[in-house]
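Student: sequence unknown, structure follows:
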């Protein structure tokens, strides 16, 4: 599943092509996604795209009458293409624009989502209402996360991957951040010190920011019909390296499942 850096780079990739463009046509080719695509998306025709934002792993395309909310799920991708481009299998949703281009959602597994929220709705959609703070914002800090953790005894890796605690710290970046902070992924949250929380918050911000920066140069062109967004080509310290030697101490890295997710760590460097 695309993680926060991949989604943010997707936002940065499509924004210059769709921002301030008028939507000339809305096409739904397959309405049954993770949730049925609402009929209200047709209201977007003739609306101007005012901004393209991100909340967690959701992309928010804002207009004067409401917001189109997109989630890529496990296999979804967005492309900017000429409206005349060949329709490919699994091209389920499309916005055609006044510049002759279109924003096309392709999703083989249909675990992605196309949602709608009009400006009259005072409460956010349930999918957004429970989300924690953005990890790169000032709201995500050591005092905040220490307070959230004070009554918890779950393992720290599951805790930082909980989108109600903080959004966007997916499996890859949780593995990497815990390694760099020197914290064992199975450590109970109520045994983490204030200094360790400060270190972990700082590392999470650094890891995600670096991944976003790297993604700008390594992710394939969003105007290339044959390109498929994917995980960035990057040097990882632990993720995917179970059984190999630790880059810091040379000990063999351990691998296990935590919350049904692959977890790799150094039993010597992480306590």
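Tutor: Done, it's in. These numbers come from a predicted model, not from an experiment.

Student: Give me the next element, helix or strand, following the lowest-mean-pLDDT helix or strand in the chain.
Tutor: Within the chain, no helix or strand scores below helix 126-129, which has a mean of 85 by mean pLDDT, DSSP states H and E. Per DSSP states H and E, the first helix or strand lying C-terminal to helix 126-129 is helix 142-149.

Student: The least confident helix or strand of the chain - contacts with which helices or strands?
Tutor: With contacts taken as 3 or more CB pairs under 8 Å, 6 or more residues apart in numbering; DSSP states H and E, helix 126-129 sits against strand 66-71. Where you see a C-beta, it was placed from the backbone N, CA and C, and this is true even at glycine.

Student: from the chain's centre, how far out does the strand it packs on sit?
Tutor: A distance of 15 Å separates the centroid of the chain from that of strand 66-71, by CA atoms, centre = their mean, to the nearest Å.

Student: List the buried residues in the following helix or strand past it.
Tutor: Heading C-terminal from strand 66-71, the first helix or strand you meet, by DSSP H and E, is strand 77-82. For strand 77-82, the neighbour count (16 or more other CB atoms under 10 Å) marks 77, 78, 79, 80, 81 as buried.

Student: What lies in contact with the least confident helix or strand of the chain?
Tutor: The contact list for helix 126-129 (CB atoms under 8 Å, 6 or more residues apart in numbering) reads 55, 56, 58, 69, 71, 113, 115, 123.

Student: Please list the members of those that lie in strands.
Tutor: Under the assignment DSSP state E, the contacts of helix 126-129 contribute 55, 58, 69, 71, 113, 115 to strands.

Student: Nearest to residue 100 among those residues?
Tutor: residue 69 (25.1 Å; CB to CB).

Student: gap between the closest one and residue 97?
Tutor: Here the criterion is CB to CB, to the nearest Å. By it, residue 69 lies 18 Å from residue 97.

Student: The chain - how does it break down into domains?
Tutor: With domains defined by the TED database, the chain comprises 4-130, 142-265.

Student: For the nearest residue to residue 98 once chain neighbours are set aside, which residues are in contact?
Tutor: Using CB to CB, 6 or more residues apart in numbering and skipping the chain neighbours, the partner closest in space to residue 98 is residue 22 (4.0 Å). With contact taken as CB under 8 Å, 6+ apart, residue 22 is in contact with 46, 47, 48, 49, 97, 98.

Student: and which of those is nearest to residue 105?
Tutor: Nearest to residue 105 among the contacts of residue 22 is residue 97, at 14.1 Å by CB to CB.

Student: can you pull the pLDDT of the nearest residue to that closest one once chain neighbours are set aside?
Tutor: Closest residue in space to residue 97, ignoring its immediate chain neighbours: residue 21 at 4.2 Å, by CB to CB, 6+ apart. On the pLDDT scale, residue 21 is placed at 98.
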